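**Student:** the following comprises the amino acid sequence and a computationally predicted model.
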Amino acid sequence: MKRKVLAISKAEIEQHLALNSRQDVKVVAPSILTEELFNILKTKGRDLKPEQYFEGEVWRHSAADHPNNLCESKEFVDASLPQYVEGPFALSFANERAAQDAHYHWRHIEIYFSEHALSAEYRDSEGSDRRMVELKNGGAIVFGPQVVHKITLSGFTFVIEVPAVASDKFNEEL
């Protein structure tokens, strides 16, 4: 399917967060989580649910005992992207209860946007000094590739990864 439109209502995201223990939800990703990777992550104690392909144009939340509805970012583009790129972006929503860890991405940028306060601790992955940034009234924080960061959220937040690159997250201490 070549996707042209995806509509996501704030009410559906809020309902999803109210009904599920994990307080972030990926709606667009490079690929659907495989059963094998799901089992590995569950064994490691990760709080996650299976994912299922979403075919419609208006996203709906899923109950705690149902898989997350997800579409793949490659549906939005043609096949002319470089081979490592799965699609133009990945899109997630989170709130202040979402588990955050220090991590970086090797190839893509990550953008956080919120109308609520955002703060982050970050450093270059090559070991530069740690720095802090705080946006008390909300805004956007953009992390380029290879910037180790840990964000603190205080309300409803959009998270966009550009481009969508599978297996591009690496945990690391700040």
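**Tutor:** Cool, got the structure.
**Student:** poorly predicted segments of this structure, please.
**Tutor:** Where the chain drops to pLDDT under 70, the residues are 1, 78-86.
**Student:** list the contacts for the most far-flung residue of it relative to its centre?
**Tutor:** The C-alpha centroid of the chain is most remote from D129, which lies 25.9 Å away (Cα atoms, centre = their mean). Contacts for D129 (Cβ atoms under 8 Å, 6 or more residues apart in numbering) come out as R123. C-beta: built from backbone N, CA, C; applies to glycine.
**Student:** which SS state does it fall under?
**Tutor:** coil (DSSP: H, G, I helix; E, B strand; the rest coil).
**Student:** got it, and I13?
**Tutor:** Once three-state DSSP is applied, I13 turns out helix.
**Student:** that one: how many residues sit nearby?
**Tutor:** By the criterion of other Cβ atoms under 10 Å, I13 has 21 neighbours.
**Student:** what does G139 give?
**Tutor:** By other Cβ under 10 Å, 14 other residues sit near G139.
**Student:** for it, name its beta-bridge partners.
**Tutor:** Beta-bridge partners for G139, by DSSP bridges, are S114.
**Student:** relative to R123, how far out is the residue farthest from the centre of the chain?
**Tutor:** For D129, the distance to R123 equals 6 Å [Cβ to Cβ, to the nearest Å].
**Student:** now swap in L48 and tell me
**Tutor:** 28 Å.
**Student:** over to Q52?
**Tutor:** 37 Å.
**Student:** and the helices in this structure, which stretches?
**Tutor:** 10-19, 35-43 (DSSP state H).
**Student:** so what's the residue nearest in space to the middle of the chain up against?
**Tutor:** Centroid-nearest residue in the chain: S92, 4.0 Å away (criterion: Cα atoms, centre = their mean). S92 makes contact with D24, V25, K26, V27, F158, V159, I160, according to Cβ under 8 Å, 6+ apart.
**Student:** which of these tops the neighbour count?
**Tutor:** Neighbour max across the contacts of S92 (other Cβ under 10 Å) = V25, 24 neighbours.
**Student:** wait, what's in contact with that one?
**Tutor:** I13, H16, L17, H61, N68, S92, F93, A94.
**Student:** H103 too?
**Tutor:** V148, H149, K150, K169, F170, N171, E172.
**Student:** now do 6 Å
**Tutor:** Taking Cβ atoms under 6 Å, 6 or more residues apart in numbering as the contact definition, H103 lies against K169, N171.
**Student:** repeat that for Q100.
**Tutor:** K150, I151.
**Student:** now render the contacts of V25 as JSON lines, adding distance to K74.
**Tutor:** As requested, the contacts of V25 are exported to JSON lines (distance: Cβ to Cβ, whole Å):
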{"residue": "I13", "distance to K74": "23"}
{"residue": "H16", "distance to K74": "23"}
{"residue": "L17", "distance to K74": "26"}
{"residue": "H61", "distance to K74": "23"}
{"residue": "N68", "distance to K74": "18"}
{"residue": "S92", "distance to K74": "17"}
{"residue": "F93", "distance to K74": "20"}
{"residue": "A94", "distance to K74": "23"}
